[in-house]
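Asker: Give me coordinates for this.
(chains A and B)
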Number of protein chains: 2
Amino acid sequence: MLMSLDYALLDALTAVIRSGSFEKAARQIGVTPSAISQRVKLLEERIGSVLVIRGQPCTATDLGMRLVRHAEEVALLERTLGDDIGGGAVGQRRPTIRIAVNADSLATWFIQAMAAVPDCLFDLVLDDQEHSADWLRRGEVRAAVSGSDAPVQGCDCRPLGELRYIATASPDFMRRWFAEGVTAEGLAQAPALTFNAKDMLQARWIEAQIGETITPPTHWLPSSQAFVDAATVGLGWGLNPEILARDAIRQGRLVPLLANAPYDVPLYWHWSRSVATALQSVNRAVTETARAMLLPV
Amino acid sequence: MLMSLDYALLDALTAVIRSGSFEKAARQIGVTPSAISQRVKLLEERIGSVLVIRGQPCTATDLGMRLVRHAEEVALLERTLGDDIGGGAVGQRRPTIRIAVNADSLATWFIQAMAAVPDCLFDLVLDDQEHSADWLRRGEVRAAVSGSDAPVQGCDCRPLGELRYIATASPDFMRRWFAEGVTAEGLAQAPALTFNAKDMLQARWIEAQIGETITPPTHWLPSSQAFVDAATVGLGWGLNPEILARDAIRQGRLVPLLANAPYDVPLYWHWSRSVATALQSVNRAVTETARAMLLPV
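Answerer: Alright, predicted model coming up:
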């Protein structure tokens, strides 16, 4: 069956899944929606299985997603082939690389790495650094910025450096809640900021600094920049990446809860060996930008 | 059955669902994990149904979530009662208000509104402005910032104003892709930025300005601040909230694709009538901040 794979059909499938609708896929490829629909149906007949769950948006079945991944891997390989045989792109597909990245990396250094690879399109999935590698494990992304160096099958891994966090709050907030210093009692009362249920940073920092397990009252705020903004207006205290909080600390709008009490999170770059050649320029950009922006491990 | 609801048991359930684990819930309430486990089990026996799906994290069954919502509504009512009968809090629960908000509102004006209600904890859920009201419809939040004024059953609605977007890119990007002006051909080639599959802003702006339906190649980037950062380093063009892009435009790091071609998105505040009294101060803060920061409709 795989011998007869028709890439025009696969491109239609990929466009439907990535754009979420037959109409958008049609515009992207430059044919009518009914042509897209016929191509997807033909592919489903040849494979003998449903590939697209029709809905708003359209999503892929497991088998459909496996085929989309294959098409994207081939697009990546074609780009490398084009480079190797002297310049011009082979195939018309501009490769889209799907990467899982933690929100704080995106907010601090990852955009710079992306900017160093101008001929790629990036499809970023955000997840906590302790969960981003799961996307790679499930085969849903090609590479991941992860907080763990645990090996992922079929993937290589390289340390990137450490992202430094500082527990910060506004001066008013410090006066109200921590006038007598950052105590266990104060931490049990003062509202904290928590990114989402996966975010353990505040709890880990408390344990490291106070030696006690305290679950403070908290706001839930799933955005890196909103964390800094919320701390600045006095809503709560939270661990902010030093790179994001630096200016506010220098200007006195944010103050560290404790002096000399940073929390450093090591980050690792994992990438799929099946597209390692095609990912070379991305690998280089990510590791070089990380070296410039993160602390050495 | 509801006659005998024991709020100590409900508090244990709520803490497990909101924190995601029996251990964290125990720390939050200040008892042992086995006490929490017994309370949840007792509640499940009394109700006659499973309320918590044990896992990492623990999640609620539909019935469990209904009970959590009830407990949170009661906490909100207790706060109002405390205000009315003269100051002191009734009950020890600090109310947590769950609100669905679009990422661009959070990045531009919503934090300011939150800062004006210091005695509440906020639990924010991010979703596209065209989908945020669905969370309210499903009963998963108490209020929502939405792009639609379509009524939600049991809820009231008030217009907030319009969030202005400007299609922007870096000067280098403009020279590379739009040297001959912003044409249909240029837009079909130049990489755009798209927040996620729900984000229609770029497509709608193209239709409004060019009068054609074009689906440009795109990066997928689910973060408001990353949108501005990515446009600034030349990765793509995208619709950025004027409030976020203003400084970069003034400094010449971003330029509008077209002069006088803003895209204004009206926003509406929806809130549940069942907790309207308790939400009064939040309602006031949200509408007043929006009036100061958004364009009048």
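
Asker: And the helices in the stretch 151-297 of chain A?
Answerer: For the stretch 151-297 of chain A, helices defined by DSSP state H, counting those that start in this stretch occupy the ranges A:171-177, A:184-189, A:201-210, A:224-232, A:242-250, A:280-293.

Asker: buried residues in the second one?
Answerer: The neighbour-count check on helix A:184-189 (16 or more other CB atoms under 10 Å in any protein chain shown) flags A:186-188 as buried. Heads up, the C-betas are built off the backbone N, CA and C, glycines and all.

Asker: Kindly report the same for the longest one.
Answerer: Going by neighbour count (16+ other CB under 10 Å), the buried part of helix A:280-293 is A:281-283, A:285-287, A:289-290, A:293.

Asker: Just the endpoints, please. Distance across stretch A:175-195?
Answerer: Stretch A:175-195 stretches 24 Å from its first residue to its last (CA to CA, to the nearest Å).

Asker: With stretch A:56-70 instead?
Answerer: 24 Å.

Asker: is that stretch up against chain B anywhere?
Answerer: Yes: against chain B, stretch A:56-70 shows contacts by CB under 8 Å from any CB of the partner chain at A:P57.

Asker: Now do the buried residues in that stretch.
Answerer: A:57-58, A:60, A:64-65, A:67-70.

Asker: remind me, longest helix of chain A?
Answerer: Scanning chain A for the longest helix, with DSSP state H as the assignment, gives helix A:62-84.

Asker: pLDDT of it, averaged?
Answerer: If you average the pLDDT over helix A:62-84, you get 77.

Asker: can you check stretch A:28-44 too?
Answerer: 90.

Asker: do the same with stretch A:289-297
Answerer: 95.

Asker: export that stretch as PDB, just CAs?
Answerer: Provided in PDB are the C-alpha atoms of stretch A:289-297 (Å, rounded to 0.1, in the frame of the first residue of the first chain):
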ATOM      1  CA  THR A 289      20.900  31.000  21.000                       C
ATOM      2  CA  ALA A 290      20.500  29.000  24.300                       C
ATOM      3  CA  ARG A 291      24.300  29.300  24.900                       C
ATOM      4  CA  ALA A 292      24.100  33.100  24.500                       C
ATOM      5  CA  MET A 293      20.900  33.600  26.600                       C
ATOM      6  CA  LEU A 294      20.900  30.800  29.300                       C
ATOM      7  CA  LEU A 295      23.300  30.100  32.200                       C
ATOM      8  CA  PRO A 296      25.900  27.400  31.600                       C
ATOM      9  CA  VAL A 297      25.000  24.100  33.300                       C
END
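
Asker: tell me the centre residue of chain A?
Answerer: A:V101 (2.0 Å; CA atoms, centre = their mean).

Asker: Is the residue lying closest to that residue once chain neighbours are set aside in a helix, a strand, or coil?
Answerer: Using CB to CB, 6 or more residues apart in numbering or on different chains and skipping residues adjacent in sequence, the residue nearest A:V101 is A:V145, 4.5 Å away. Look at A:V145: counting by DSSP: H, G, I helix; E, B strand; the rest coil, its state is strand.

Asker: returning to what we had before: got the angle between the next helix or strand after the longest helix of chain A and helix B:224-232?
Answerer: Using DSSP states H and E, the next helix or strand after helix A:62-84 towards the C-terminus is strand A:96-101. Interaxial angle, strand A:96-101 versus helix B:224-232 (axes from the mean of the first three to the mean of the last three CA atoms, to 10 degrees): 140 degrees.

Asker: Walk me through which strands strand A:96-101 pairs with, and which way each runs.
Answerer: strand A:121-126 (parallel), strand A:143-146 (parallel) (DSSP bridges).

Asker: what's the most buried one of the ones you listed?
Answerer: With neighbours taken as mean count of other CB atoms under 10 Å in any protein chain shown, these reach their highest mean count in strand A:143-146, at a mean of 28.

Asker: And the pLDDT for the residue nearest to A:V233 when sequence neighbours are not counted?
Answerer: Distances taken as CB to CB, 6+ apart put B:A115 closest to A:V233, at 3.9 Å, once the chain neighbours are dropped. With respect to pLDDT, B:A115 scores 95.

Asker: Determine the number of other residues adjacent to B:A115.
Answerer: 17 (other CB atoms under 10 Å in any protein chain shown).

Asker: List the residues that contact it.
Answerer: A:230, A:233-235 (CB atoms under 8 Å, 6 or more residues apart in numbering or on different chains).

Asker: which secondary element of chain A has the worst mean pLDDT?
Answerer: None of the helices or strands of chain A scores lower by mean pLDDT, DSSP states H and E than helix A:62-84, at a mean of 77.

Asker: and it with strand A:121-126, angle?
Answerer: If you take the same axes, to 10 degrees, helix A:62-84 sits at 140 degrees to strand A:121-126.

Asker: which residues touch helix A:62-84?
Answerer: Residues contacting helix A:62-84 (CB under 8 Å, 6+ apart): A:7, A:10-11, A:13-14, A:17-18, A:43, A:47, A:49-52, A:60, A:88-91, A:93-98, A:119, A:139-140, A:142, A:274-275, A:277-280.

Asker: what angle separates it from helix A:280-293?
Answerer: Using the same axes, to 10 degrees, helix A:62-84 lies at 90 degrees relative to helix A:280-293.
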